[in-house]
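**Student:** could you look at this predicted model? Sequence included:
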Amino acid sequence: MSCTTIEVSDLRFTYPGSHHHVLDGLSASIAEGERVALLGPNGSGKTTFVLHLNGLLTLQFGSIRIGDLEMGEENLPEIRRRVGAVFQDADDQLFMQSVREDVAFGPANLGVPRAELDAVVERALGQVGAEALIDRTPHHLSGGEKRRVAIATVLAMDPHALVLDEPTSGLDPVGRRELAGLLAGLPQTQLVVTHDLPFALQTCPRSMIVSGGRVVADGSTREILSNAELLAANRLELPYGFDVSSL
Amino acid sequence: MIAMHAPDGFLEAPVALATAVIALVFVALALRLSGRELGDRQVPLAGIAAAFIFAAQMFNFPVAAGTTGHLMGGALAAILLGPWVGSLVVTVVVVVQALLFADGGLTALGYNVINMATVTAFGGWAVFRLLRRVMPRNAAGVMGATAIAALVSVVLSAAAFSVQWLFGASAEVPFDTVFGAMVGVHVLIGVGEAIISALAVGAVLAARPDLVTGASDLDAAQLSAERRVGRRTFVFGGLFVAVVFATVVSQFAVDNPDGLEKVAIDEGFIEAGRDHALDSSIFSDYATSGVGNETLSLAVAGVSGVLITLLVGLGLISAARQGRGRAGA
Amino acid sequence: MAGGHVEGRVGGVGHLVVHGHSPVHRLAPEAKVVATFAFVICVALTPREQIWAFGVHAAVAISIVALAGVPTRVLLARLAVIIPFLTFAVLVPFVAGGEEVDVLGVGLSRDGLWGAWNVAAKASIGATASIILSATTSVPEILKALTRLRVPRVLVSIMSFMMRYLDLLVDQLGRMRTSMTARCHDPRWLWQAKPIASSAGALFVRSYERGERVHQAMLSRGFSGTMPDTEERATPGADWVRAALPPVVALAALLSAVVL
């Protein structure tokens, strides 16, 4: 069995102190190398799902399998290595004093010996085109630079899959284009949570619509985005003037 | 205020050293105990909370007619984060201020940390817990307790400094002058601290009540329960505190042994001839020469010292109980 | 005012260092930290009557300031932090008792004048030492220095996170204040401070929530409770020798002052 399939079955979750089922029977199956966009209105459970994929929320109901590993306490370190999560706010992921230290954080935790850390860091930064930023302070970087470095911090752990939560937020159009190019060049399986429908179309052949805590549509991005009623029913809207059929 | 980020040499070496040792002990304890409480969340939460306190101290709030004041934040930190985390967080702020901004001398770190982090956090927490028992069990009650705890914490801080001055003064300003001035001014500063702290806690209670450690015994229903703390309670409480301190402070303004001391002499509590109580060599000559009422000064210093120690100790005990309670939950 | 004087530094923590490549800048940070503490301790221990010793201390400090290339106006601006204590010092001769001396027709306490001098001298020279350190050593370097000096790693990490997020929080608070001002809230009296206090509370909630998210990000990168050790570099012995110069001079002055 390939070690990068993501199998999610009947996930349910309620935040403590609340009665609302944020995840209400979410099931999904993602194969190695796939690029899948996760679409859906605010509050549909997408971010909660992302947190589950890294074992950051205690599993309440359902199951998650990453390759041959079942989500559970003993498998957490390896699962967190295999699935690299890039969160919405890059400032949350860059907490060290320099880009070098931030990118080294993950591999150092994995036990990469000090002598090899520099090489690992440089390689990861190279993959995102941010080699020049290596000795910069994270809080002085631009939004796009922060995003790239955040991705590098995760790539440095040599993941099999990437999960990105709203990667285009805060980016200008050039930044978005560069990010799309960057993601296209990365070999990992990718799951992209996004509001940005054109970006989804550009980067992910397959899309899932998550609404009310479960998957309500799953298919080719092009078909989904061409289905006006489906989009409307899920509070999704194409940008003004955007014509899917013309692409 | 003026002695709060004291510079180098403000207190003599023995006091600087002794307070540094005490501060180190507290920091070590706080590191360990807050680590136990927060687990692997210790570094990010304490770090960002420290940034919050630092930022909050930087901004001014209006006091009167355009003059502004600043928050010390020790009591607020303790009420929000618990006294161990709170004192640790303010300690980090004080150390960084000295190291990077020359705000406070490097050799003064011992007493600066004790006065601004330890005494305010633990003393404030103790007063807060005591008041919580008698205040209504709702949000207004928590805010009321916060206000008075914050006020007292600031005054305690000033009193602690004054007691340290008694032992380690570096200039010929007598203890009673320092105490009167410091405590007097800080009662006023404390009012600002009280109001800002209470309102800030109120805002946190409204958004995420689980983030107020001092109110962790109340659930959402209790928090929104009506029984408001009457304005009258506040006014009388404030007046009471003001009267107590005015009485204390005014004793120093009086040169003749009237008032308390005369009563004490008349009643035979002290012999009239014993008026060199402060001649003991452990007290700084600078702080004891020129003191108006020596016996009274000694009494005030003693009472302050005991009160501070008592409250800080109470705070420690309460913190220990709190920690155990939560661990068991 | 607790921390109030920092307010002027809108540039924030990242702009403390005065850019340069002086010998002071290039010294290993741990040597600088130890030297700074040692120097300040010597200054604080110097008996106040030995004015010449303070002259030596001040000369040492000023020569390092010059060597480091810190502009005078920057030094003076940062020294503003001790002004409240200089004010206190000025008042002492008027308040203190004892033998009086006639100064310009005014009777001042002789002991008080010594006391004022004591506070002023030690405060200004001590502050200058701190300023030299922060002007020539970046925050990451200072943090590494503390780690190498065996300060508990947890404490240094907490400081590191504090420094990392300070600018962000100050910006956020600033923006909250700006939006209040834009809505014509210009409070001058304490009872009008409610929105400010509420925004402080709101900032706390946002900060705490960020702390929780940062913790999640740390966990997802394999954090298990101990910050990893990501670098190691031995301090060049020569650096210790060079850094020891100022405190050794200060120590010599101190010892002479005490003995004489």
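**Tutor:** Received the coordinates, thanks. Residues are numbered from 1 along each chain as shown, chains lettered A, B, ... in the order given.
**Student:** residue of the stretch 201-329 of chain B nearest chain C, please.
**Tutor:** Closest contact between the stretch 201-329 of chain B and chain C, by Cβ to the nearest Cβ, is at B:A203 (2.6 Å). Where you see a C-beta, it was placed from the backbone N, CA and C, and this is true even at glycine.
**Student:** ok now the host helix or strand of that residue, how far from the chain's centre?
**Tutor:** B:A203 belongs to helix B:175-207 when assigned by DSSP states H and E. Distance of helix B:175-207 from the chain centroid (Cα atoms, centre = their mean, to the nearest Å) equals 9 Å.
**Student:** and what of stretch C:70-90?
**Tutor:** Remark: stretch C:70-90 is offset 12 Å from the chain centroid, using Cα atoms, centre = their mean.
**Student:** for it, how far is the first residue from the last?
**Tutor:** Using Cα to Cα, to the nearest Å, the end-to-end distance of stretch C:70-90 comes out at 28 Å.
**Student:** buried ones in that stretch?
**Tutor:** By neighbour count on 16 or more other Cβ atoms under 10 Å in any protein chain shown, the buried set for stretch C:70-90 is C:V70, C:L75, C:R78, C:L79, C:V81, C:I82, C:P84, C:F85, C:L86, C:F88, C:A89.
**Student:** over to stretch A:49-58?
**Tutor:** Within stretch A:49-58, the residues that count as buried by 16+ other Cβ under 10 Å are A:F49, A:V50, A:L51, A:H52, A:L53, A:N54, A:G55, A:L56, A:L57.
**Student:** how about the residues of the stretch 101-250 of chain B that lie near chain C?
**Tutor:** Neighbours of chain C within the stretch 101-250 of chain B, by Cβ under 8 Å from any Cβ of the partner chain: B:101-103, B:105-107, B:116, B:170-174, B:177, B:191-192, B:195-204, B:206-208, B:211.
**Student:** can you check what pLDDT the model gives the closest residue to chain B within chain A?
**Tutor:** Of the residues in chain A, the one nearest chain B is A:F95, at a distance of 7.0 Å by Cβ to the nearest Cβ. Per-residue confidence (pLDDT) for A:F95: 96.
**Student:** can I assume C:S198 is in contact with B:G202?
**Tutor:** Yes - applying Cβ atoms under 8 Å, one finds C:S198 in contact with B:G202, separated by 7.5 Å.
**Student:** picking up where we left off before, among the buried residues of stretch C:70-90, name the ones in helices.
**Tutor:** Cross-referencing these against helices under DSSP state H gives C:L75, C:R78, C:L79, C:P84, C:F85, C:L86, C:F88, C:A89.
**Student:** so which of these comes closest to chain A?
**Tutor:** C:R78 (21.2 Å).
**Student:** which strand or helix spans the closest residue to the closest one other than its chain neighbours?
**Tutor:** Leaving aside its sequence neighbours, C:R78 sits nearest to C:I131 (Cβ to Cβ, 6 or more residues apart in numbering or on different chains; 4.8 Å). Element membership for C:I131, per DSSP H and E: helix C:110-136.
**Student:** which bits of the stretch 51-200 of chain C sit near chain A?
**Tutor:** Residues of the stretch 51-200 of chain C lying near chain A (Cβ under 8 Å from any Cβ): C:V139, C:P140, C:L143, C:S160, C:F161, C:M163, C:R164, C:Y165, C:D167, C:L168.
**Student:** my bad, should have said the stretch 1-150 of chain B
**Tutor:** Contacts of the stretch 1-150 of chain B with chain A, taken as Cβ under 8 Å from any Cβ, map to B:P44.
**Student:** how many residues are close by the residue in the stretch 1-150 of chain B that chain A sits nearest to?
**Tutor:** Relative to chain A, the nearest point of the stretch 1-150 of chain B is B:P44 (7.0 Å; Cβ to the nearest Cβ). For B:P44, the neighbour count with other Cβ atoms under 10 Å in any protein chain shown is 28.
**Student:** so it touches C:F161, yeah?
**Tutor:** Yes - the pair B:P44 and C:F161 qualifies as a contact (Cβ under 8 Å) at a distance of 5.9 Å.
**Student:** and the residue nearest to B:A75 when sequence neighbours are not counted, helix, strand or coil?
**Tutor:** In space, and not counting its chain neighbours, B:A75 is closest to B:G124: 2.9 Å by Cβ to Cβ, 6+ apart. The assignment at B:G124 comes out as helix when based on DSSP: H, G, I helix; E, B strand; the rest coil.
**Student:** where's B:G124 relative to B:A319, distance?
**Tutor:** Applying Cβ to Cβ, to the nearest Å, one obtains 12 Å for the distance of B:G124 from B:A319.
**Student:** alright, calling it a day.
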